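Enquirer: Kindly return the folded structure for what I paste below:
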Amino acid sequence: HAVQQQGRIAEAIGLYKQSLALWPDKELEAFVAQLERGLADQQARKAQAKQLRDQAHAVQQQGRIAEAIGLYKQSLALWPDKELEAFVAQLERGLAQASAAAAAARPPAPALTTSAGPAGQAASNMNVDVVHNGPTRPSTFTLQEPRVLVWLQTYHWNQGRGAPPGTLGVRDASGRSFGPWPASGSPGQGGVVNAYWNVRPGVLLPAGEYTVVDSDPSTWAQNAASQGAGHFRVETAPAGPAATAAQPPVSASPPPAASGVDLRAGLVGRWRAESFENGERTEGGETTFAADGSYVTAASTSIGLSEARCTVRGDWRVDGDRLTIRPASAVCRMPDGSTRNVPIDEQFKTITGRLTREGTGWRYQLQNEPITVRFTPLGGAASAAPAAPPTTTAAPAQAAPSGVIRAELYNASSQPVHIIVQGEQAGPANRVEPGQRTSRNVPVRSDWAIPFIAIRDGQTLGTRIWRASPGDPSRTPVVVFDERNPFEKLTVTTGLR
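Expert: Numbering: from 1, shown residues only. I've put the predicted structure just below:
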């Protein structure tokens, strides 16, 4: 009874059954059966809540914040969690602020006005809110002077299925049509095939208001933030002396966005990319942004417990000070020399964030995540993404690790757990009791990585890789296991000795 009052129901049931084995009691048997039913229901609700929470986290990582909030709330209805409630409230505040800012900045019909600056001009009603199929109002834009239509794009998320590219065109206020032109497809959020439809007509459009014509409105994305209009993006260039109303060959590459032309032009080239999470460096690699809107990133990343060297390719776009990077394919070279095609939605994702100048490079702050990427120039303008996958990292050679490092371990859960390093077996030496803080020496691999694993009853509960810093023995891994964490039960940060 005392154990039951402490909430340790499973343990209490075991003790009650021991009592019944010694002295049968019908009333107590019925009570134990009731406890067992309640425990089974509790465990089922907890498992369902966890499944919903995991789904919400995956959706959040794809940038679908409103949908993630709904799933988190379903999880909370099944299994209350104060920390998760606070996190959901934080997401809701951020989403409300982003929606308000987007609505305030977005006119009903984006106008393309002339300027004395660089050539590219753009209009777009695309946004990061949850979308639905089937526009309820026309998608329109206005030209204040004759312009060359060099790029037109629409969005077909279609519940994550995309849509086979059809045709795109525009129609002026008098009903005259330009196009339609056959569209090509490009991947969207989460690597969805043919989510974006693109045409690059290169035709001269007179001044006036235009309506975008899409051949498949049933899968064309719209939402409240676009006021029910189908999502589109249009980019134009000045009508120079050679421009005519005819339809010249398709342009080889899209022009820079008007609102971000300086940022876009400044990004084309080769960069060393370093990722920092909560101020701590987590990954490094090399990224090439090509003038045709494609990119390639070469970097080491963790796949399971292996450190793989991956080449990721996709497209990039600048809207104002916002940079969006959409991966389309990823090929990774594993430690055993084999190569593996990695699903985009499994390991990589579309990211969006704010881009600001930082010295000769750029600072890229991801949206809704505590992650910052710093781009520093490596030199050389890019005209196309390199074709060959990388073979080695550009980092200078370092001395071999000394063999072991002291790790700080903390079990913040209510049950014992084994915190081991890959290659070790669970045993008394690596068992950490609930609430216990301890430390021990752990081996360092030849690539300076330490893969930590949390295990209980033979089941892996979490894995994280921490990387030692050559020449800096003061850095030490701080490993925390906490089952209350809705996203990562096992976390590793860096402490100083």
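Enquirer: For the host helix or strand of Gln74, buried residues please.
Expert: Using DSSP states H and E, Gln74 sits in helix 65-78. Using 16 or more other CB atoms under 10 Å as the test for burial, helix 65-78 gives Ile65, Glu67, Ala68, Ile69, Gly70, Leu71, Tyr72, Gln74, Ser75, Leu76, Leu78. In this view, the C-beta of every residue, glycine as well, is placed from N, C-alpha and C.
Enquirer: For the stretch 101-250 of the chain, which residues score under the pLDDT cut-off?
Expert: 101-121, 189-191, 239-250 (pLDDT under 70).
Enquirer: how does it look with 50?
Expert: Across the stretch 101-250 of the chain, the ranges flagged by pLDDT under 50 are 105-120, 241-250.
Enquirer: Let me know the angle separating the helix or strand Ala44 falls within from helix 65-78.
Expert: Assessed by DSSP H and E, Ala44 sits inside helix 26-61. If you take axes from the mean of the first three to the mean of the last three CA atoms, to 10 degrees, helix 26-61 sits at 170 degrees to helix 65-78.
Enquirer: Tell me the helices and strands packed up against helix 26-61.
Expert: Contacts defined by 3 or more CB pairs under 8 Å, 6 or more residues apart in numbering; DSSP states H and E place helix 26-61 against helix 9-22, helix 65-78.
Enquirer: Alpha carbons only: can I get the first one in CSV?
Expert: Translated: helix 9-22. Output in CSV follows, covering the C-alpha atoms of helix 9-22 (Å, rounded to 0.1, in the frame of the first residue of the first chain):
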residue,chain,number,x,y,z
ILE,A,9,1.9,1.0,-9.3
ALA,A,10,3.7,-1.9,-11.0
GLU,A,11,5.8,-2.5,-8.0
ALA,A,12,2.8,-2.4,-5.7
ILE,A,13,0.9,-5.0,-7.9
GLY,A,14,3.9,-7.3,-7.5
LEU,A,15,3.9,-7.0,-3.7
TYR,A,16,0.1,-7.5,-3.5
LYS,A,17,0.4,-10.7,-5.5
GLN,A,18,3.1,-12.0,-3.2
SER,A,19,0.7,-11.3,-0.3
LEU,A,20,-2.1,-13.1,-2.1
ALA,A,21,0.2,-16.1,-2.7
LEU,A,22,0.6,-16.4,1.1
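Enquirer: And for it, what's in contact with it?
Expert: Residues outside helix 9-22 that contact it (CB atoms under 8 Å, 6 or more residues apart in numbering): 1, 3-4, 25, 28-29, 31-32, 35-36, 38-39, 42.
Enquirer: Selection in PyMOL covering whichever of these are buried, please.
Expert: Restricted to buried positions by 16+ other CB under 10 Å, the PyMOL selection for the contacts of helix 9-22 reads:
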select buried, resi 32+35
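Enquirer: In TSV, list the contacts of helix 9-22 along with pLDDT and distance to Gly230.
Expert: Output for the contacts of helix 9-22, formatted as TSV (pLDDT from 0 to 100; distance: CB to CB, whole Å):
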residue	pLDDT	distance to Gly230
His1	68	65
Val3	66	61
Gln4	71	59
Asp25	84	70
Leu28	82	67
Glu29	85	65
Phe31	83	62
Val32	81	61
Leu35	79	57
Glu36	82	55
Gly38	76	51
Leu39	74	51
Gln42	75	47
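Enquirer: Greatest separation within the contacts of helix 9-22: which pair is it?
Expert: Farthest apart among those by CB to CB are Asp25 and Gln42. That separation is 24.2 Å.
Enquirer: Alright, that wraps it up for me.
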